[in-house]
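Okay, predicted coordinates and the sequence, questions at the end:
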Amino acid sequence: MSKTLDFDVFDAFRKAGTPEPEARKAAEQLAQDSGSLRGDIAAIRIDIAVIKDRLTTDRWIFGFFFAVQLATLAAVFFHR
């Protein structure tokens with residue numbers, strides 16, 4: 001796994017008074033962590049899409065059964 005260095009973050013650490021080796025290590029770690037976060041966010045988006053699809057299906061099923069129940073209720077009360 002290659003480590004990349006974000007120079008803006010490195011410069012911010014240096015301006016805050018962090019010694020150079022520690023600033024370099026912290027900037028590399030932040031760059032590495034942000035890469036893994038992007039993968040996690042992509043996985044969460046996929047999970048949300050699956051949940052939305054499932055909710056749409058469940059909504060149709062609920063609507064169908066509600067209509068059947070209303071038809072049954074109407075048939076019972078309005079039967080001559």
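Sure thing, it's come through.

measure residue 72 to residue 48 for me?
Distance from residue 72 to residue 48, counting by Cβ to Cβ, to the nearest Å: 36 Å. All C-beta spots, glycine's among them, are computed from the backbone N, C-alpha and C.

in stretch 27-46, what's buried?
27-28, 31 (16 or more other Cβ atoms under 10 Å).

Just give me the closest of those to residue 41.
Ranking these by separation from residue 41, with Cβ to Cβ as the measure, puts residue 31 on top at 16.0 Å.

What is the helix or strand hosting the closest one packed up against?
Applying DSSP states H and E as the criterion places residue 31 in helix 20-77. Using 3 or more Cβ pairs under 8 Å, 6 or more residues apart in numbering; DSSP states H and E as the contact test, the elements touching helix 20-77 are helix 7-15.

Let me know the pLDDT of residue 6.
We note a pLDDT of 68 for residue 6 in this prediction.

try the one 3 residues further on
Per-residue confidence for residue 9 comes out at a pLDDT of 81.

quick one: low-confidence ranges for this structure?
Scanning the chain with the threshold set as pLDDT under 70 gives 1-6, 80.

which ones are touching the residue nearest to the spatial centre of the chain?
Within the chain, one residue has its C-alpha closest to the average C-alpha position: by Cα atoms, centre = their mean, that is residue 44, at 3.2 Å. Counting by Cβ atoms under 8 Å, 6 or more residues apart in numbering, residue 44 touches no other residue.
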